[in-house]
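Trainee: predicted model and sequence follow; I will ask about them next.
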Amino acid sequence: MYNIFEDEDDIFMGSPKSKFLDVVFNANRGVAEYELERLIERMAILELMLNHEDVEMLEKEIAQFAWDKKDEVEVKAKSLYIESMGNILTQCE
């Protein structure tokens with residue numbers, strides 16, 4: 001759908017994912033750890049909110065949703081990479 005920041009000639013030279021990984025691997029370790037822990041905690045909360053007893057069924061539902069909403073998931077993932085990168089960078093200043 002939207003290929004923002006994917007062009008090699010882009011002034012940012014890379015995708016949100018690649019820039020996020022650059023920031024995580026080069027930022028202050030404590031700040032990067034905090035952001036990764038925040039992301040994992042948020043994912044755990046969201047999975048608990050779904051309140052599924054059957055983990056296999058949850059995985060199937062996630063896979064189906066990802067397939068059905070592929071473009072929306074891709075755009076949201078890029079947004080989350082940018083948001084998390086911003087969180088790390090603002091704490092490193």
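Mentor: In hand now; what should we look at?
Trainee: from now on I want contacts and neighbour counts done on CA atoms only, so please keep to that.
Mentor: OK.
Trainee: please, which helix or strand holds residue 53?
Mentor: Using DSSP states H and E, residue 53 maps to neither a helix nor a strand.
Trainee: against residue 33, how distant is the closest residue to residue 66 other than its chain neighbours?
Mentor: Excluding the flanking residues, the one nearest residue 66 by Cα to Cα, 6 or more residues apart in numbering is residue 73, at 6.6 Å. Here the criterion is Cα to Cα, to the nearest Å. By it, residue 73 lies 24 Å from residue 33.
Trainee: hmm, back to that, the residue nearest to residue 66: what secondary structure?
Mentor: At residue 73, secondary structure determined by DSSP: H, G, I helix; E, B strand; the rest coil is helix.
Trainee: now residue 13
Mentor: Of the three states, residue 13 takes coil under three-state DSSP.
Trainee: one more: residue 89?
Mentor: At residue 89, secondary structure determined by three-state DSSP is helix.
Trainee: pLDDT score for it?
Mentor: Per-residue confidence at residue 89 stands at 92 (pLDDT).
Trainee: can you tell me which residues contact it?
Mentor: By Cα atoms under 8 Å, 6 or more residues apart in numbering, the residues touching residue 89 are 23, 27.
Trainee: and the gap between it and residue 82?
Mentor: Taking Cα to Cα, one finds residue 89 at 10 Å from residue 82.
Trainee: same check, this time on residue 37
Mentor: Computed with Cα to Cα, the distance linking residue 37 and residue 82 is 17 Å.
Trainee: and the two? which has more neighbours close in?
Mentor: The neighbour comparison of residue 37 against residue 82 (other Cα atoms under 10 Å) goes to residue 82, with 17 against 12.
Trainee: and for the more buried one, nearest residue in space, chain neighbours not counted?
Mentor: Of all residues not flanking residue 82 in the chain, residue 16 sits nearest, at 6.0 Å (Cα to Cα, 6+ apart).
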